[in-house]
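Novice: Based on what follows, work out the 3D shape:
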Amino acid sequence: MNKPKAQPHLPSSSTNTAPLAASATIDVNPVVLHLTKVLGNTYSLGVTTHGAHWNVTGAGFFRLHAAFDAQYHELLEAADEIAERIRALGAKAPVSMRQLLENSSLGDPPASGDTDLVRALRDDHRMVSQLCHEALKVADEAKDAVSVDLLTGRARAHDKTAWMLTASLGE
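Specialist: Down below sits the predicted model:
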């Protein structure tokens, strides 16, 4: 599920409301940069999980359809919370799908095969958890306890979902 890495959309600082170019030299809050990356990946994973909810088939349909429903709702609520934290830090959150995707490193899910789809979603949750841990370190260094708390909860949620998806595969 790898795609070519796009240049990140850097959120604007509180003193400049225009989006920053990836090559901009303006000092941007590193916590905001990491939160924006977590946001892009969280939103992307929410959309992918929603698509899995729509397209799942097979013997595990009812179980996976319900699980994906709960997961995509949780992910989209989490994206809202992350975006609101970015705003609370005085920056602008991404405002378009393009900007969200530019901040996501997730690729497209497999076109078919429920087992492959579950594995891909599990791997994506693991990757987003890792991004949360990286962002958490930056927030901790910045003594931003609120972002640390938010990112700890997000890492916990991704770890739990990855575990549940692994268990559903019997692995």
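
Novice: When you work out contacts or count neighbours from here on, use the C-alpha atoms and nothing else.
Specialist: OK.

Novice: tally of neighbours for Asp149?
Specialist: 13 (other Cα atoms under 10 Å).

Novice: for the stretch of helix or strand it belongs to, packing partners?
Specialist: Counting by DSSP states H and E, the element that carries Asp149 is helix 145-168. Helix 145-168 sits against helix 61-88, helix 114-141, with contacts defined as 3 or more Cα pairs under 8 Å, 6 or more residues apart in numbering; DSSP states H and E.

Novice: so which of those comes closest to Thr166?
Specialist: helix 114-141 (6.8 Å; Cα to Cα).

Novice: Pull the distance from the worst-scoring helix or strand of the chain on mean pLDDT to the chain's centre.
Specialist: Within the chain, no helix or strand scores below helix 97-102, which has a mean of 93 by mean pLDDT, DSSP states H and E. Offset of helix 97-102 from its chain centre (Cα atoms, centre = their mean, to the nearest Å): 12 Å.

Novice: before we move on, what about stretch 150-160?
Specialist: For stretch 150-160, the distance to the chain centre is 11 Å (Cα atoms, centre = their mean).

Novice: same question, stretch 106-120
Specialist: 17 Å.

Novice: Can you name the residues in contact with it?
Specialist: Stretch 106-120 is contacted from outside by 1-3, 41, 44-45, 48, 52, 56-58, 121, 124, 165-166, 169, using Cα atoms under 8 Å, 6 or more residues apart in numbering.
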